[in-house]
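K.L.:
I would like the atomic coordinates for the input below:
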Amino acid sequence: MQQTEILSTIEKAIRDVVNNQSLAVKADSKLIDDLGLESIDLLDVSSELENAMGKEFDFKEVAEYVSKKSGKPADMKSMKVQDMLDYMSTLN
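P.N.:
Got it, this is the predicted structure:
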């Protein structure tokens, strides 16, 4: 899957979970601060992505991936859509 397709899948999953099809989901959007996701929403987004991609998606693994890549601890508060995209690109 191309990055544009992955990004589109992420955008759709987030919009479906928050039930807002006009939500501006951008690569640099923070999941919690900018998009207003809560922890329960993250579980739903994870499930949507697993169904769409046919692969397991775990935000804990995304945080570990971001930490390794940046050399700094990652947490859900600072996680961005781009972090999800980068991680999902490694699953292909």
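K.L.:
residues contacting D28?
P.N.:
Neighbouring residues of D28 by C-beta atoms under 8 Å, 6 or more residues apart in numbering: 80-82. C-beta here means a position set from N, CA and C on the backbone, and glycine is covered the same way.
K.L.:
try it again at 7 Å.
P.N.:
D28 is in contact with 80, 82, counting by C-beta atoms under 7 Å, 6 or more residues apart in numbering.
K.L.:
is it fair to say it lies in a strand?
P.N.:
No - going by DSSP: H, G, I helix; E, B strand; the rest coil, the assignment for D28 is coil, not a strand.
K.L.:
need the pLDDT of N92.
P.N.:
On pLDDT, N92 comes in at 63.
K.L.:
SS state for the nearest residue to T9 once chain neighbours are set aside?
P.N.:
By the measure of C-beta to C-beta, 6 or more residues apart in numbering, the closest residue to T9 outside its immediate chain neighbours is A52, 5.0 Å from it. Following three-state DSSP, we place A52 in the helix state.
K.L.:
what number of residues lie near A52?
P.N.:
Close neighbours of A52, defined as other C-beta atoms under 10 Å, add up to 17.
K.L.:
go on, V17?
P.N.:
Residues near V17, counting by other C-beta under 10 Å: 21.
K.L.:
give me the nearest residue to it, chain neighbours excluded.
P.N.:
What sits nearest to V17 in space, not counting adjacent residues and going by C-beta to C-beta, 6+ apart, is D44, at 4.4 Å.
K.L.:
isn't the one you found up against D16?
P.N.:
No - contact criterion C-beta atoms under 7 Å: D44 and D16 do not qualify, at 8.4 Å.
K.L.:
any idea how far the residue of the chain most remote from its centre lies from A27?
P.N.:
Within the chain, the residue lying farthest from the chain centre (C-alpha atoms, centre = their mean) is G71, at 19.6 Å. Applying C-beta to C-beta, to the nearest Å, the value for G71 to A27 is 21 Å.
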